[in-house]
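# Return atomic coordinates for the entry below.
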Amino acid sequence: MFYEVRILDPKGKIKRVLTSKELSKRYWQGFKEQVHGQVATSLFKGRGRKSRKDSYWTDDDRQAVESDDADV
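Model prediction:
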């Protein structure tokens with residue numbers, strides 16, 4: 001949560017008021033720009049799922065299946 005900010009001139013008069021909504025929007029835009037790239041992609045997109053084939057099969061298992069297929 002951001003609080004409203006009042007910007008004063010040298011005489012003490014209010015020059016500009018930044019609302020909470022403006023400050024929040026500005027913060028999150030800067031955050032996204034700062035972490036732009038692969039990190040931003042992983043933060044703002046879902047992680048996805050690994051295929052079951054990749055999680056259950058090891059390289060040795062794949063080689064064994066391939067050699068069995070070659071024998072047939």
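# Report the mean per-residue pLDDT for the lengthiest helix in the chain.
As assigned by DSSP state H, the longest helix anywhere in the chain is helix 20-34. For helix 20-34, the mean per-residue pLDDT is 89.
# Am I right that Val17 is in a strand?
Yes. Per DSSP: H, G, I helix; E, B strand; the rest coil, Val17 lies within a strand segment.
# Lys13 versus the residue lying closest to it once chain neighbours are set aside, what's the distance?
Residue nearest to Val17 in three dimensions, not counting chain neighbours: Arg6, with 5.4 Å by C-beta to C-beta, 6 or more residues apart in numbering. C-beta: built from backbone N, CA, C; applies to glycine. To Lys13, Arg6 is 10 Å away according to C-beta to C-beta, to the nearest Å.
# what's the answer for Ser24, then?
26 Å.
# which one of the two has more residues nearby?
Ser24 (12 against 7; other C-beta atoms under 10 Å).
# Tell me which residues touch that one, please.
Listed by C-beta atoms under 8 Å, 6 or more residues apart in numbering, the contact set of Ser24 reads Phe2.
# what's the distance between it and Leu8?
Here the criterion is C-beta to C-beta. By it, Ser24 lies 22 Å from Leu8.
# show me what contacts the nearest residue to Tyr27 once chain neighbours are set aside?
With sequence-adjacent residues excluded and distances taken as C-beta to C-beta, 6+ apart, Tyr27 is closest to Phe2, at 7.1 Å. By C-beta under 8 Å, 6+ apart, the contact set of Phe2 is 20, 23-24, 27.
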